[in-house]
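**Q** Quick one, fold the following:
(chains A, B and C)
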Amino acid sequence: MRNITKRYGQVVACSSVDLALEAGRIHGVLGENGAGKSTLMKVLIGLAIPDAGQVLIAGRPVVIADPIAAAELGVGMVHQHFSLVEPLTVWENVALGGVGSLAPGEVRDRVGDRSRHYGIDIEPDAIVADLPAGLRQRVEIVKCLRRDPKIVVFDEPTSVLTPGESEQLFEALRRVVDEEGRAVALVSHKLDEILHATDDVTIMRQGAVVDRRPTAEADAAGLARAMVGRDVSLRSERVALGIVAGDEPVAESSETPAEPVLAIHDVIHRTPDGRALLSGLSLAVGPGEIVGVAGVEGNGQRALGDLLSSLLPVDSGHVRVDAADVPCGRAGAMQDAGIAVVPEDRHDSGVVLDMTVAENLFLADLARVARGGVIDGRRLREQAQALIDRFGISCQGPDAPLWPLSGGNQQRVVLARELAHDPKVLVAAQPTRGLDVGAIEYMSEQLQAAAAAGVAVLLISTELEEIMELSHRVAVISRGAIVGEMPRADVDLERLGLLMGGMAEATP
Amino acid sequence: MTDVAEEREVEIDTKRAARSQASARRAAIIEVVVLYAVCIAAALVLAAILVAATGGSWRDVFSALLDGSIRRPGRWGLTLGTALPLLLVALGTIVNARAGLVNIGQEGQLLIGAACATYVGVRLGGPGPVVIVALLLAGVLGGAVWAGIAGALRYWRGVPEVLSTLLLVTVAANAGGYGLKNPSLLLAPAAGRANRNQVSEQLADDTRLPRITVFGNEFPISVLLGIALAGAVAFVLARTVPGFRLRMLGRNPRTAQRAGVSATRYGMGAMLISGGFAGLAGAAMLAGGDFGNYQLVPGFSVNIGWTGLLVALVARERAVAAISVAFVFASLRTGSGFLAATGVERRITDVVQALLVLALLIPPAVIYIRSRRRALAASKDRV
Amino acid sequence: MEAIWDVLSSEVTYSSAVRFAALLLFAACGEWVAERAGTLNISVEGMILAGAFAAAVGYDRFGGSVAAGLVAGCLAGVLIASVQANMSHRLPADQFVVGLTLNILVLGLGGFLDAELDPTTQRGATTDIPLLSELPLLGPALFAQPWPLYLVYPLVPLVWWLPFRTRWGLEVRAAGEYPNAADVSGLMVNQRRREAIYLAGLTSGLGGGYLVLGAIGAFEDSIVGGRGFIAIAAVIFGGWTLRGTVAGCVLFGAVVSFRLSLPQQGYDSLNTELLSALPYLVTILGMALFAHRIRPPAALARPFLRGLK
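**A** Next up, the predicted model:
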């Protein structure tokens, strides 16, 4: 790819980027969130048209107008959030995106054949919705490789895998490259991964390439410096860079916590078709402590977040704040009990995009700016401005609509609103997903400050680095229940990985 | 560079930036206006072609419409009286639309409201004003309950309200018909009705809505009530806490639930209010005098419910805009009364109405696409 | 009680039940595919009506050819469908609003043009299929009907084959369940949705043609009378499976026929209004009982705009 430039309105996502992928080598594309790597890959896969520059395959310039054209040219991508349609079967998903008449028998055979080849076991007629994340990724890989691409892009593949599964993935990648001579691009924001699994690395920062070298010649510090543009000194940056904190002690971990502020006991929630989203989850968080819930995506984190957001009723079990029962599933109950939530997907349940910043800041607490049922516009604006200043939200004013704000700023709005009235519990679900280093730093600081002020903080994250960096205590969630807990200082990464993969006993 | 010169440069730059921003805004506004003009013109041209193709003269048609709606003496009073129930139905629709619900059964809710109002109006004894208020309230209640059935079906049985409200319209028509066959319900006693018609008793003189005359045009005072209600709805939606919560529910029900807005409570409330407005419209039609002779007849609702729904759509769910849109649609109705002379089939106004609505759906859709594209461009994150 | 036995043992009951069910089925087949694609088209009512009117005109203008009428009906249905499809799935205009307005438009146009053009039609003669039409009770009902009705028999399996055995169908289903994943896989989500709506228009228009030329015989603007909505309800009632949809159409068709044949058997003292409302009440009841337990296509009635969740 040569000189690729892509603009979205005023923002330059990629600027004169050059990238060269060679057959038989794994090429890492490293950069923090927002550096432009996703956009670059979108150009390659046909989901974005560059404003300038060209793509050459085997020396010939090509035009990639859409994913089908990309597939025809031999480019395939294993997506981060999967391109699988859940209610369909494995073979139907694998067939999706191809051309020509449908030949179920042939596709089924192919699936069976490929899965044996890569040493994995997938039933062609299984329904994707029933498969765990690790298997789904394999279906995604089979789907991608079915079309025999010469170039394969893996987009942040390890966010849904346990450390053990990540190893297996890298081995599979190595096989793909060595035995089949394909060119593989591994896109990631995690330094460790890149150092471990790639042959060459291109580092991007703020839309441009800042360095390119064979991995053998690179070291962590150098890569980190290139990624961020300065010496890595702040600990919170390690979260962004995917470096799992070593054995340094965290800020004083609390001793056995006093009476827990938040107590979740044996909560079960089943969907109408019988699947258990939460299968007897129990957890307690004390004042001033940060409990990190680690786990591979899809093991109930979303349900846990929803539960604490008054969005999930329970079949049995209870949630207590300061020993008082909180009704689950009743609108606003959790919030009234003092539980603040920064949700996993702010667009889904955190903000109302079409409303203004001020309205979003006060949508849970209108009584503060209203009198006798009527909203006082002036008070709303004043108090909103106060919050905007206090939390450093970058926007055009309290009456500006929310949707144009950047992700980091929208997250600040959510945080501001939730923290504004001194909650007892703060739940942060995947709080730094999709944010750049600066925003991640800010979020980490806020979480630590809240804990220091005595708030019980529950951090739910699939990023182990984040958990390790911030938590006093680490819990592992697997298949809808907490399967293990330990103080941060006692964490054994290997055991953690096993717990996350659902393969260890609950108690040591 | 000296300080003064530097200052001047900065000034010029900011002015230039402001000017280019202003001209960009102007260009955007012009774009919008042109878009609307083109769409409306296209609809009218299509209608004119239709008229011409069937041998009529669109000039005559246009003139007749104007005559019937506002030009001839006394006509715009009639138009106002016709616009009133349209406005009321539209207001109710706006409330449920803002809550994110789809109610398309106003025609039925209106009918039930009118039937309840007839029952009360004819049977309740007492001073005139009391009966009037009572029958209006009965109308509100009837319509609210009818819409409430669909609401309950949605919130307790998962039935999409777009279908249940629709199906209930036919049920309402049949219920009304049944009522009109039954002397114990709505049918007028044999002595009071002409021939063997299935009509209800007429409202007594003092139980009819008083009419006022302005510049020689007569209309019922309910028109003023309607305008006041439009202002009230606009205010409540925009500036009060319950209105805010309702809007939150419509925009993002999950965020609303987190923030304490129970979808069931607010949603049901919205459905009841929506039906209540439609029912009020029915009662107002009965007691107003512009729709027949103060009595319930078969087919009483004459598509006011459907048209009121369209008014809300065209008014883009804005209560105050609904006032003028209701008037325009009412003009088409009253104007069509004069079409017989031109030899063009009355139905053409229904067609014009529908074409206009379709045409008016296009500009907002186009604008929305463009603004979302721009928003995506402006936001840096692409998860 | 006797009334019910009389009705159940009369051939006329079954005959008219099949006739009504067929109309519902023509429309419901296409709308089923459209809903599997994630769209909800209340303009089906308008599509049927447009098809009916066009069929009447086609029959009239082509010298009494039923086939010409049916073709005209199909085209008219597709025309209405294309307005719905392009306004709701190319432009983001609300599909309920567009659907409702289209119904009103077609109603007005139909009435207007009917007065102006005044086509004359007649009800088609029945075409008996030998042997099969002699089966007791059901024989004449299923096999001694005007021939346009027979078109529904091959239509149902065809409509089943499309989503489950063709690539097009696979893409349509993906578009209705997880349009985002489908989009990333390279599918053209909104195009598939539009195409599914065209199909609905085709079958509904055909149904309208059958209604005018096969079942009733003369056009008037109340000829559809809300049955398009019942067809949609049949799809929901059937849990978005084709089997369920067919069952729903048969059930609702039977209810309609019941209300007509009771008076015919001499029981006209029964409440006519209740009988008129019965199909709609049964439909509502059916949905109330079953809508809770079934799963719609995940993206049903949710417009797809790339880049937005």
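**Q** For B:Thr240, grab phi and psi.
**A** phi -110, psi 160 (degrees, to the nearest 10).
**Q** Repeat that for B:Asn182.
**A** Torsion angles, degrees, to the nearest 10, at B:Asn182: phi -120, psi 110.
**Q** same question, A:Leu186
**A** phi -110, psi 110.
**Q** what's the pLDDT at it?
**A** Note for A:Leu186: predicted pLDDT of 90.
**Q** May I ask you to confirm that it is in contact with A:His27?
**A** Yes: at 7.0 Å, A:Leu186 counts as touching A:His27 under the criterion of C-beta atoms under 8 Å. For the C-beta atoms, the positions are set from N, CA and C on the backbone; glycine is no exception.
**Q** what sits in contact with each of these two?
**A** Here A:Leu186 and A:His27 share the contacting residues A:Thr198, scored by C-beta atoms under 8 Å, 6 or more residues apart in numbering or on different chains.
**Q** Please list all residues in contact with A:Met422.
**A** Met isn't right for residue A:422; it's Asp. Contacts of A:Asp422 by C-beta under 8 Å, 6+ apart: none found.
**Q** so which residue of the stretch 151-300 of chain B comes closest to chain A?
**A** B:Gly260 (2.4 Å; C-beta to the nearest C-beta).
**Q** just checking, that residue touches A:Met334?
**A** No: if you go by C-beta under 8 Å, B:Gly260 and A:Met334 don't touch, sitting 9.6 Å apart.
**Q** Let's verify the residue of the stretch 151-300 of chain B closest to chain A: helix, strand, or coil?
**A** coil (DSSP: H, G, I helix; E, B strand; the rest coil).
**Q** Enumerate every residue touching it.
**A** A:310, A:331-332, A:335-336, A:364.
**Q** can you map out the strands along the stretch 51-200 of chain C?
**A** Applying DSSP state E, counting those that start in this stretch to the stretch 51-200 of chain C gives strands spanning C:126-128, C:144-146.
**Q** Least confident of those, on average?
**A** strand C:126-128 (a mean of 70).
**Q** what sits up against the strand or helix carrying A:Gln411?
**A** Applying DSSP states H and E as the criterion places A:Gln411 in helix A:407-419. Identification of contacts with helix A:407-419 by C-beta under 8 Å, 6+ apart yields A:340-343, A:346, A:350-351, A:357, A:360-365, A:387-388, A:390-395, A:402, A:405, A:426, A:431, A:434-436, A:438-439, A:442-443, A:446, A:450, B:379-381, B:383.
**Q** now, which of those residues lie within helices?
**A** Within those, residues falling in helices by DSSP state H are A:346, A:357, A:360-362, A:387-388, A:390-391, A:438-439, A:442-443, A:446, A:450.
**Q** circling back to that earlier point, hey, what's in contact with both of B:Gly260 and A:Met334?
**A** With C-beta under 8 Å, 6+ apart as the test, B:Gly260 and A:Met334 both reach A:Ser310.
**Q** For the stretch 151-300 of chain B, which residues are neighbours of chain C?
**A** B:153, B:157-160, B:162-164, B:166-171, B:174-175, B:177-178, B:181 (C-beta under 8 Å from any C-beta of the partner chain).
**Q** run the last query once more with 7 Å
**A** Within the stretch 151-300 of chain B, the positions near chain C by C-beta under 7 Å from any C-beta of the partner chain are B:153, B:157-159, B:162-164, B:166-167, B:170-171, B:174, B:177-178.
**Q** Make TSV from these and add neighbour count to it.
**A** Output for these, formatted as TSV (neighbours: other C-beta atoms under 10 Å in any protein chain shown):
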residue	neighbour count
B:Leu153	22
B:Arg157	16
B:Gly158	16
B:Val159	25
B:Val162	23
B:Leu163	26
B:Ser164	27
B:Leu166	28
B:Leu167	26
B:Thr170	22
B:Val171	24
B:Asn174	21
B:Gly177	19
B:Tyr178	19
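**Q** What is the most widely separated pair among these?
**A** With distances taken as C-beta to C-beta, the most widely separated pair in these is B:Gly158 and B:Gly177, at 30.4 Å.
**Q** circling back to that earlier point, mean confidence (pLDDT) on the helix holding A:Gln411, please.
**A** Averaging pLDDT along helix A:407-419 yields 89.
**Q** for stretch C:164-172, same thing?
**A** The model assigns stretch C:164-172 a mean pLDDT of 90.
**Q** so what's residue 308 up against?
**A** Using chain A. A:334, A:339, A:341, A:427 (C-beta atoms under 7 Å, 6 or more residues apart in numbering or on different chains).
**Q** wrong one, I was asking about chain B
**A** B:Gly308 neighbours (C-beta under 7 Å, 6+ apart): B:85-86, B:89-90, B:93, B:106, B:281.
**Q** Helices - which of those land there?
**A** Judged by DSSP H, these include B:85-86, B:89-90, B:93, B:106, B:281 as members of helices.
**Q** Which one of these is nearest to C:Thr245?
**A** B:Gln106 (28.7 Å).
**Q** tell me which element the nearest residue in space to that closest one that is not next to it in sequence falls in.
**A** The shortest distance from B:Gln106 to any non-neighbouring residue, by C-beta to C-beta, 6 or more residues apart in numbering or on different chains, is to B:Gly305 (3.8 Å). Taking DSSP H and E as the definition, B:Gly305 sits inside helix B:304-314.
**Q** Which two of the contacts of B:Gly308 have the greatest separation?
**A** B:Pro85 and B:Thr93 (12.4 Å).
**Q** quick one: which of the two has more around it?
**A** B:Pro85 (35 against 28; other C-beta atoms under 10 Å in any protein chain shown).
**Q** From B:Ala283, how far out is the more buried one?
**A** Plainly put, B:Pro85 is 9 Å away from B:Ala283 if you go by C-beta to C-beta, to the nearest Å.
**Q** likewise B:Gly81?
**A** Going from B:Gly81 to B:Ala283 by C-beta to C-beta gives 14 Å.
**Q** Can you classify A:Ala35 as helix, strand or coil?
**A** Classified using three-state DSSP, A:Ala35 is coil.
**Q** Quick check, pLDDT for it.
**A** Listed pLDDT for A:Ala35 reads 75.
**Q** what about it, neighbour count?
**A** 26.
**Q** give me every residue that touches the nearest residue to it once chain neighbours are set aside.
**A** What sits nearest to A:Ala35 in space, not counting adjacent residues and going by C-beta to C-beta, 6+ apart, is A:Met204, at 4.4 Å. Going by C-beta under 7 Å, 6+ apart, A:Met204 touches A:29, A:31, A:35-37, A:210.
**Q** Let's see that with 10 Å instead.
**A** Neighbouring residues of A:Met204 by C-beta atoms under 10 Å, 6 or more residues apart in numbering or on different chains: A:14-15, A:17, A:19, A:29-32, A:34-37, A:39-40, A:187, A:210-212, A:226-227.
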